[in-house]
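*Asks:* Requesting a structural model of the entry that follows:
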Amino acid sequence: MKATRAAGLALITTLVFFAGAEGLARLVYGAPRPMMGVERQDAYLHVDGDDVIVNHHLKDEAPVRAPRAVPHPRALFVGGSSVHQGVPPRPQEWPAVVGDLLRADTVNLGSPGLDSNDLVQVVREAEALTHKVVVVYVGHNDFANAFMRARFAGGGFRALSRLRVALMGLRLFTLLDDRFASRGAGRRQEEAGVPILSAGEKAEILDGLEDNLHTIVETCEDRGVNVVLVSPASSVLHPPAEQTCAPERCLNDEFRAAEGLRRRDPKAAAEAYRAVRDRDWSSIRAPTEVVEVYRRVAAATGARLVEAEAGLPRADGIDLPAERLFLDQLHYSVEGHRALATLVAPAVAEALKQ
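*Replies:* A predicted model of the protein is given here:
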């Protein structure tokens, strides 16, 4: 699978150079179909005179435009759909709410689907914007993209991920990648025993996340920019996705068992809920080990750390984030965006003043 995908990527690159992406898209598929999700171009950010335009915006929304230089400290927020998804609208998303709480200038550079491989490049390109702080919220999509796009296999995982990021600007690649990704997701669902990702695959994804977080912090340090790391949270009380399960290890049964413990032993119930979440790959919630990655990076680099899952308002009678904070398994409601902004704002305020 790894060799096949790598060969496919190489072939796509060659075809693009010789024939042009748009013409090949017509040749392969006929008239180009609408692109889904995020529009990607040759770069994540594009300098346009005195402004910088965010290219990786949602398909049906206007691009974000920010002045390249401002005379005051500014904070940039990077991440996936938990940072910007379009629901709720931008003024109610937590980066904007942080700005409102602090009366500070914040720029939301998040978009659905971005993982830590993408964010390394986003942060590098963000040198075009004057800023004092970068706020990083990533982790779900490192697992989601590995699961949905089969971006895991031996030592080539990170290399293929980086190559995919580099090729994302090519329209043909986006078209083909969407089609191959949907096939890959279906294949993994059909084969879904428990666990879906092996221990080795999980470890490789976590290692890649840790390396990328280190790179982001080091890139910012070289510019004299402070970093606030926000370890991602999810709705631990959200039931797992339906999936085929081995007779002795069915996540749906384990989730029901955790619910049965909730009144009798809330502490044991919380541990049981987390254990289900940590193995529920098809709901793409970042496992507990992601928080440990963030802790190690913060300890090694001195970056500020905010642990979202630990700090968000709690559910009634159990030490887990309240379900009302989420629209689904990981995306925040309006109340959730405000709660996360309230949690993160003090760290951002300190970083802006330093």
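*Asks:* Check which element follows the helix ranked longest in the chain along the chain.
*Replies:* Secondary structure of the chain read by DSSP state H shows that its longest helix is helix 199-222. Using DSSP states H and E, the helix or strand that follows helix 199-222 in sequence is strand 226-231.
*Asks:* What pairs with that next one, parallel or antiparallel?
*Replies:* Strand pairing for strand 226-231, determined by DSSP bridges: strand 133-137 (parallel), strand 304-307 (parallel).
*Asks:* for those strands, which one ends up most surrounded?
*Replies:* strand 133-137 (a mean of 26; mean count of other Cβ atoms under 10 Å). Every residue, glycine included, has its C-beta placed from N, CA and C.
*Asks:* Show me the shaky parts of the stretch 151-300 of the chain.
*Replies:* 151-196, 242-249 (pLDDT under 70).
*Asks:* now the helices for it?
*Replies:* 157-167, 171-190, 199-222, 251-261, 266-279, 288-301 (DSSP state H, counting those that start in this stretch).
*Asks:* what sits up against the longest helix of the chain?
*Replies:* Residues outside helix 199-222 that contact it (Cβ atoms under 8 Å, 6 or more residues apart in numbering) are 116-117, 119-120, 123-124, 134, 136, 138-139, 142-143, 146, 152-153, 157-158, 161, 195, 197, 226-227, 229, 287, 289-290, 293-294, 296-297, 300-301, 303.
*Asks:* can you do 7 Å?
*Replies:* Applying Cβ atoms under 7 Å, 6 or more residues apart in numbering, the contact partners of helix 199-222 are 116-117, 119-120, 123-124, 134, 136, 139, 142-143, 146, 152, 157-158, 227, 229, 289-290, 293, 296-297, 301, 303.
*Asks:* where along the stretch 1-150 of the chain do the strands fall?
*Replies:* Ranges of strands in the stretch 1-150 of the chain, per DSSP state E, counting those that start in this stretch, are 45-48, 51-54, 64-67, 74-79, 105-108, 133-137.
*Asks:* Output those in CSV; the columns should cover distance to F326 and mean pLDDT.
*Replies:* Output for those, formatted as CSV (distance: least, Cβ to Cβ, whole Å; pLDDT from 0 to 100):
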stretch, distance to F326, mean pLDDT
strand 45-48, 29, 92
strand 51-54, 25, 92
strand 64-67, 25, 93
strand 74-79, 16, 98
strand 105-108, 19, 97
strand 133-137, 15, 98
